[in-house]
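Peer 1: Provide a 3D model corresponding to the input given below.
(2 chains)
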2 protein chains.
Amino acid sequence: MTKIGVIGSGAWGTALAQSFARHGHDVVLWARDESLAQTINQTRINKTYLPHHELHKNLYATADLGETCAADILVPVVPAQYMRAVLESMPRESIDGKTLVICAKGIEISSGKFMSQVASETCPGARIAILSGPNFAHEVAKGLPAAATLACHDLEGILPARDALASKSFRLYLTDDVIGTQIGGAVKNVIAIVSGIVAARNLGENARAAVVTRGLNEMARLSEAMGGRRETLMGLSGVGDLILTCSSMQSRNFSCGFALGEGKTIQDILTSRSGITEGIPTTEALAKLAAKNNIDMPIVAALQSCLSGEMDIDTAIHALMSRPLQAEFE
Amino acid sequence: MTKIGVIGSGAWGTALAQSFARHGHDVVLWARDESLAQTINQTRINKTYLPHHELHKNLYATADLGETCAADILVPVVPAQYMRAVLESMPRESIDGKTLVICAKGIEISSGKFMSQVASETCPGARIAILSGPNFAHEVAKGLPAAATLACHDLEGILPARDALASKSFRLYLTDDVIGTQIGGAVKNVIAIVSGIVAARNLGENARAAVVTRGLNEMARLSEAMGGRRETLMGLSGVGDLILTCSSMQSRNFSCGFALGEGKTIQDILTSRSGITEGIPTTEALAKLAAKNNIDMPIVAALQSCLSGEMDIDTAIHALMSRPLQAEFE
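Peer 2: Here you go, the predicted structure:
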């Protein structure tokens, strides 16, 4: 039995906390909002972010970050754009020497950095790991079977955390490719937008499978160029997450792409919805990253051209289909 | 303008012939059945296998195999279990020195051999290529965008055929990994059955994404052990075809798995349907191949245990979920 501090009480943080608590651990769940922490403790339900799930008795919520960070293993699950601020506000003395298992997906838009880089900069004394995979929060909260990739440069040092966080119904597969693991979670949102466009335009299932597969190839190319491996994208954090994200109107990114494909403008789509559609800023960040590192990412570039208004969708599709034929991997 | 002989007038053969004809080529489509060839020529429709598509005027059907084999490029599209017999009945003098683009997916069950091996044995004088990818026939017949992998050991020699068969709406990506390309098309049917079981058991989308991804890993491992590459399975013939097959009740294999997951016996399922559910014999062939070559393919093995009656589905799921945790790729 380990004490686990889950930092962030959105749907995914709460679901993970529930999974760890059910597995027998003592879990402290940090909520930014004091009143949310109180109602979670009183009602055993996170009404705001994960209703319909009675939370396990081993789980305790608090708005005190210091109390949460006293746990043995720390699991930050705040949105990517808030990660740096939250990590910086954690008490230094309770981080050094511990394992941080980062569960946010995405790139810090202002810096173009991955979450592991943000964590290394802000918590140099900690062992940094990344957990990423095809995981709808409500299914993990229910205890349905799921699997994810757990990435850490220190494959020996991460074993106690892996053994604590994994269970029969939440399987964690190890890799030391920290960058490659994060690329899947970021790029899949972009490919999901494109997949939504293809669906809305009635281009067919063949076209959708092709664009998702070619998108995977762009992920793999980016991974290789950034020091990760191509192969990592074949795993749960790459292909797995793509499969989950690219075929479901449940995905905000897919439905955003669908609306774009129907002819709505990105301004109209974004003002009509609350919350973030992560793939939109990520597309811009990736297009910059690809240009800077001279990486060929034609699908990402085409979407960015559409979002910036440089190109209309039909022209972008035509341009992609008219590219010279090439080897499948080059 | 090239003369192309498409051998086999099922849905996929007819759709390919239509695609090539639309692209401006002179296409001869071989039908085993004389009367089918006649009605195709008279009505411009293949009522039996691809109704709803008026066939292009550049396409001509015949039951004369010799006439078909007089074409410049030969494209056999007969079912995997009939491939050897059809290739053997082609006139030798019209094969030698030509390119054969095999479009059947699957393993010859009696020998455990891939289609490229069957073709090399029966047509040693020909250049053998494999075309495989995420392609529903009716979409290709319509001219909707699609892409596939074209595999050949002779990457230079295949270029004229690639240039003839590819078009803006049917993109072909080259690889020299002939074995790896074929493994995707065979194993995906097995994974589709498992995916159907998971769906029927209401194990959730996370579990389905996980099992498809871990199935991809088994494909990749098999490819490596058989002299192919892991990477090839990341492409259109691997991931692409998995995406198309594993999420659709249109797939016979997925729906077979779904019925198994609902508790029907394999005997009842197979006697209630006409035609072949390819994944069933393929599972047995793959389980044998894996055992013989000492390759760890736990999902394939688990399905085979269920099909042979050694294990019930719940026990098999439990066993898979209880396997020791491991590195993501090993």
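Peer 1: Could you use CA atoms for every contact and neighbour count after this?
Peer 2: Fine.
Peer 1: got a list of what the nearest residue to A:Leu222 once chain neighbours are set aside touches?
Peer 2: Computed as C-alpha to C-alpha, 6 or more residues apart in numbering or on different chains, the closest residue to A:Leu222 that is not its neighbour in sequence is A:Ile295, at 6.7 Å. Contacts for A:Ile295 (C-alpha atoms under 8 Å, 6 or more residues apart in numbering or on different chains) come out as A:221-222, A:225.
Peer 1: if you look at those, which of them are in helices?
Peer 2: A:221-222, A:225 (DSSP state H).
Peer 1: Alpha carbons only: can I get stretch A:301-319 in CSV?
Peer 2: In CSV, the C-alpha atoms belonging to stretch A:301-319 read as follows (Å, rounded to 0.1, in the frame of the first residue of the first chain):
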residue,chain,number,x,y,z
ALA,A,301,0.9,21.6,-42.6
ALA,A,302,-2.2,21.3,-44.7
LEU,A,303,-4.5,21.7,-41.7
GLN,A,304,-2.5,24.6,-40.4
SER,A,305,-2.9,26.3,-43.9
CYS,A,306,-6.7,25.8,-43.6
LEU,A,307,-6.9,27.1,-40.0
SER,A,308,-4.8,30.2,-40.8
GLY,A,309,-7.0,30.9,-43.8
GLU,A,310,-4.2,30.5,-46.4
MET,A,311,-5.9,27.7,-48.1
ASP,A,312,-9.5,26.3,-48.4
ILE,A,313,-10.2,22.7,-47.5
ASP,A,314,-10.7,21.5,-51.1
THR,A,315,-7.5,23.0,-52.2
ALA,A,316,-5.7,21.4,-49.3
ILE,A,317,-7.1,18.0,-50.0
HIS,A,318,-6.2,18.3,-53.7
ALA,A,319,-2.7,19.3,-52.8
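Peer 1: Near chain B, which residues of the stretch 1-150 of chain A? Just list them.
Peer 2: Within the stretch 1-150 of chain A, the positions adjacent to chain B are A:134-136, A:139, A:144-149 by C-alpha under 8 Å from any C-alpha of the partner chain.
Peer 1: Hmm, which of those is lowest in pLDDT?
Peer 2: Across the residues of the stretch 1-150 of chain A next to chain B, the smallest pLDDT goes to A:Phe136, namely 93.
Peer 1: Quick check: that one touching B:Arg208?
Peer 2: No. Using C-alpha atoms under 8 Å, A:Phe136 makes no contact with B:Arg208, being 11.5 Å away.
Peer 1: These two: which is more packed in?
Peer 2: B:Arg208 (27 against 21; other C-alpha atoms under 10 Å in any protein chain shown).
Peer 1: Could you look up the SS state of that one?
Peer 2: For B:Arg208, the assignment made with DSSP: H, G, I helix; E, B strand; the rest coil gives helix.
Peer 1: my read: it touches B:Val198, true?
Peer 2: Yes. Counting by C-alpha under 8 Å, B:Arg208 does reach B:Val198; the two are 6.2 Å apart.
Peer 1: one step back: now, of the ones in helices among the contacts of A:Ile295, which are buried?
Peer 2: Among the ones in helices among the contacts of A:Ile295, those buried by neighbour count (16 or more other C-alpha atoms under 10 Å in any protein chain shown) are A:221-222, A:225.
Peer 1: Just put the residues you listed in TSV and tack on pLDDT and distance to A:Thr14.
Peer 2: Converted to TSV, these look like this (pLDDT from 0 to 100; distance: C-alpha to C-alpha, whole Å):
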residue	pLDDT	distance to A:Thr14
A:Arg221	95	34
A:Leu222	95	32
A:Ala225	94	35
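Peer 1: and of those, the nearest to A:Thr2?
Peer 2: A:Leu222 (36.8 Å; C-alpha to C-alpha).
Peer 1: Would you agree that closest one is in contact with A:Ala291?
Peer 2: No. Taking contacts as C-alpha under 8 Å, A:Leu222 lies outside contact range of A:Ala291: 11.0 Å.
Peer 1: Report how many residues lie close to A:Leu50.
Peer 2: Number of residues near A:Leu50 (other C-alpha under 10 Å) recorded here: 20.
Peer 1: Find the residue closest to it in space, skipping its chain neighbours.
Peer 2: A:Ala11 (5.1 Å).
Peer 1: how many other residues sit next to that neighbour?
Peer 2: There are 20 residues near A:Ala11, going by other C-alpha under 10 Å.
Peer 1: State the distance from it to chain B.
Peer 2: 15 Å (C-alpha to the nearest C-alpha, to the nearest Å).
Peer 1: Contacts only, for that residue.
Peer 2: By C-alpha under 8 Å, 6+ apart, the neighbours of A:Ala11 are A:49-50, A:137-138.
Peer 1: likewise A:Val194?
Peer 2: By C-alpha under 8 Å, 6+ apart, the contact set of A:Val194 is A:211, A:254, A:257, A:299, A:303.
Peer 1: are any of these buried, and which?
Peer 2: Counted by 16+ other C-alpha under 10 Å, those give A:211, A:254, A:257, A:299, A:303 as buried.
Peer 1: Was I right to think the second one contacts A:Ile193?
Peer 2: What that stands for is A:Phe254. Yes. If you go by C-alpha under 8 Å, A:Phe254 and A:Ile193 touch, sitting 4.7 Å apart.
Peer 1: overlap in contacts of the two?
Peer 2: A:Cys246.
Peer 1: any idea where the strands of the stretch 51-200 of chain A begin and end?
Peer 2: For the stretch 51-200 of chain A, the strands defined by DSSP state E, counting those that start in this stretch cover A:59-62, A:73-76, A:99-102, A:107-108, A:113-114, A:127-132, A:146-152, A:170-175.
Peer 1: which secondary structure elements does the third one contact?
Peer 2: So that's strand A:99-102. Judged by 3 or more C-alpha pairs under 8 Å, 6 or more residues apart in numbering or on different chains; DSSP states H and E, strand A:99-102 is in contact with strand A:73-76, strand A:127-132.
Peer 1: mind listing what that strand pairs with, with the direction of each?
Peer 2: Sheet partners assigned to strand A:99-102 using DSSP bridges are listed as strand A:73-76 (parallel), strand A:127-132 (parallel).
Peer 1: Likewise for the first one?
Peer 2: Using DSSP bridges, the strands paired with strand A:59-62 are strand A:26-30 (parallel).
Peer 1: If we go by neighbour counts, what in stretch A:143-162 is buried?
Peer 2: If you call a residue buried by 16+ other C-alpha under 10 Å, then stretch A:143-162 has these buried ones: A:143-153, A:158, A:161-162.
Peer 1: typo on my end, stretch A:106-117
Peer 2: In stretch A:106-117, counting by 16+ other C-alpha under 10 Å, buried: A:106-109, A:112, A:114-117.
Peer 1: just the residues you listed now: which is nearest A:Leu236?
Peer 2: Nearest to A:Leu236 among the buried residues of stretch A:106-117, counting by C-alpha to C-alpha, is A:Gly106 at 15.6 Å.
Peer 1: How many neighbouring residues does the residue nearest to the closest one when sequence neighbours are not counted have?
Peer 2: Leaving aside its sequence neighbours, A:Gly106 sits nearest to A:Ala186 (C-alpha to C-alpha, 6+ apart; 4.3 Å). A:Ala186 sits with 23 neighbouring residues when counted by other C-alpha under 10 Å.
Peer 1: Having no further points to raise, I will conclude here.
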